[in-house]
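A.B. asks: My questions concern the predicted model and sequence given below.
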Amino acid sequence: FLIYSMTVCPSVAGGDSGELLVAACTFGVPHPPGYPLLTTLLGIVIRLVPVGNPAILANLIMGFSSSLSSSIIFFTTSCLISWIEESLHRKMSNEKCNSDGQAEKMCKT
């Protein structure tokens, strides 16, 4: 996020960003689907943090939310992979204990 914030677009980028920014500033409704959560969140933050150019603030919010969602996806995937590895390791050790008759007593303790 820090690198992105240093290189953020200082004005409105292409596409629908201008229309969404105007809708957020006026609490209006852009074309469908309209991204109601995005425009409401941007409208609230633009009113709470008054800066000279709302486009810069909107671009920073987009960068922060993107980095936050990427972090959540990374940590969720990491935890899921760890859980799968752990369950596979447990399953493999249980199968080894069941296949070896003499080691069965040791595995249960």
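C.D. replies: The structure has been received and is ready for your questions.

A.B. asks: and the top helix by length along the chain, what does it pack onto?
C.D. replies: Looking across the chain with DSSP state H, the single longest helix is helix 54-99. The helices and strands touching helix 54-99, judged by 3 or more C-beta pairs under 8 Å, 6 or more residues apart in numbering; DSSP states H and E, are helix 2-6, helix 17-26, helix 36-48, helix 104-108. Every C-beta, even on glycine, is put in place using the N, C-alpha and C of the backbone.

A.B. asks: Contacts only, for the residue nearest the centre of the chain.
C.D. replies: Centroid-nearest residue in the chain: S69, 0.7 Å away (criterion: C-alpha atoms, centre = their mean). Neighbouring residues of S69 by C-beta atoms under 8 Å, 6 or more residues apart in numbering: there are none.

A.B. asks: got the angle for the longest helix of the chain vs helix 36-48?
C.D. replies: Helix 54-99 and helix 36-48 are oriented at 130 degrees to each other (axes from the mean of the first three to the mean of the last three C-alpha atoms, to 10 degrees).

A.B. asks: per-residue confidence averaged over helix 54-99?
C.D. replies: Mean pLDDT, helix 54-99: 86.

A.B. asks: chain center to stretch 81-92, what's the gap?
C.D. replies: For stretch 81-92, the separation from the chain centroid amounts to 26 Å (computed by C-alpha atoms, centre = their mean, to the nearest Å).

A.B. asks: Chain neighbours aside, what residue packs nearest to V12?
C.D. replies: Using C-beta to C-beta, 6 or more residues apart in numbering and skipping residues adjacent in sequence, the residue nearest V12 is G18, 4.5 Å away.

A.B. asks: From H89, how far out is that neighbour?
C.D. replies: When distance is defined by C-beta to C-beta, to the nearest Å, G18 is 53 Å away from H89.
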